[in-house]
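Asks: I'll drop the sequence and a predicted model, then ask my questions.
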Amino acid sequence: MAKIYLSIGTNVGDRKANLAQAVSRLAPEIFPNLISPVYETKPVGLAEQPDFYNIALAGDTALAPYDVLAHLKSIETGMGREKTVANGPRVIDLDLLYYDDLAYESEELAIPHSRRVGRAFVYAPLADIAPDFVDPVTGKTVLAMLEDIEDRERQVTRL
């Protein structure tokens, strides 16, 4: 079994219900072990949209990395996510942040997630469940990566 970390976010509809539904759809392919508290976060990129609710999740899976990605995309599609404007509003967003200590990059998949660094909405919830996990690319712990983010207190609020 591989240990994986996910970032899950939503800013359309009933945000808490969307998070709960996404988590419930992970099994049996992914077995959640730890789920962070919910954070309300400012949008990144396109500012003119509702704030997000974000969580981090630690889980175990027997799936290979590409199969995890396919499973997450099928959950997004099943929950009604549609491709719109980049960084725009979405009913659900599931990102594979880490897969064990793998460092891998292709056109379709980057592990660790390529846009994780500097994002408080990723590292604030992740620090609640895995503060000592070491990023295989930077060599820093999750907590150290969170502490490196400027103005993180203004970007995220723990609910």
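Replies: Yes, it's here.
Asks: From now on I want contacts and neighbour counts done on CA atoms only, so please keep to that.
Replies: OK.
Asks: For burial, what's the neighbour tally of Ala20?
Replies: Under the neighbour criterion other C-alpha atoms under 10 Å, Ala20 is assigned a count of 10.
Asks: Is it in a helix, a strand, or coil?
Replies: In the three-state summary, Ala20 is assigned as helix, counting by DSSP: H, G, I helix; E, B strand; the rest coil.
Asks: Ok, Leu102 next?
Replies: Classification of Leu102 by three-state DSSP places it in coil.
Asks: how close does it sit to His113?
Replies: Using C-alpha to C-alpha, to the nearest Å, one obtains 11 Å as the distance from Leu102 to His113.
Asks: quick one: which of those two has more around it?
Replies: Using other C-alpha under 10 Å, the more surrounded residue of Leu102 and His113 is His113, with 18 against 14.
Asks: Identify the residues contacting the spatially closest residue to that one that is not a sequence neighbour.
Replies: For His113, the nearest residue in space outside its immediate sequence neighbours is Leu97; the separation is 4.7 Å by C-alpha to C-alpha, 6 or more residues apart in numbering. The neighbours of Leu97, taking C-alpha atoms under 8 Å, 6 or more residues apart in numbering as the test, are 4-7, 111-113, 116.
Asks: Ok, Gly118 next?
Replies: Listed by C-alpha under 8 Å, 6+ apart, the contact partners of Gly118 are 145-146, 148-149.
Asks: same thing but 6 Å
Replies: The neighbours of Gly118, taking C-alpha atoms under 6 Å, 6 or more residues apart in numbering as the test, are Ile149.
Asks: same question, Leu143
Replies: For Leu143, the contact set (C-alpha under 6 Å, 6+ apart) comprises 127, 131.
Asks: Could I get the CA-only coordinates of the strand or helix carrying it as PDB?
Replies: With elements taken from DSSP states H and E, the one containing Leu143 is helix 142-147. Backbone C-alpha positions of helix 142-147 (Å, rounded to 0.1, in the frame of the first residue of the first chain) are rendered in PDB as follows:
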ATOM      1  CA  VAL A 142       5.300  20.400   5.400                       C
ATOM      2  CA  LEU A 143       5.400  22.700   8.500                       C
ATOM      3  CA  ALA A 144       8.600  24.400   7.200                       C
ATOM      4  CA  MET A 145       7.000  24.900   3.800                       C
ATOM      5  CA  LEU A 146       4.000  26.500   5.400                       C
ATOM      6  CA  GLU A 147       6.200  28.800   7.500                       C
END
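Asks: Right, I'll leave it there.
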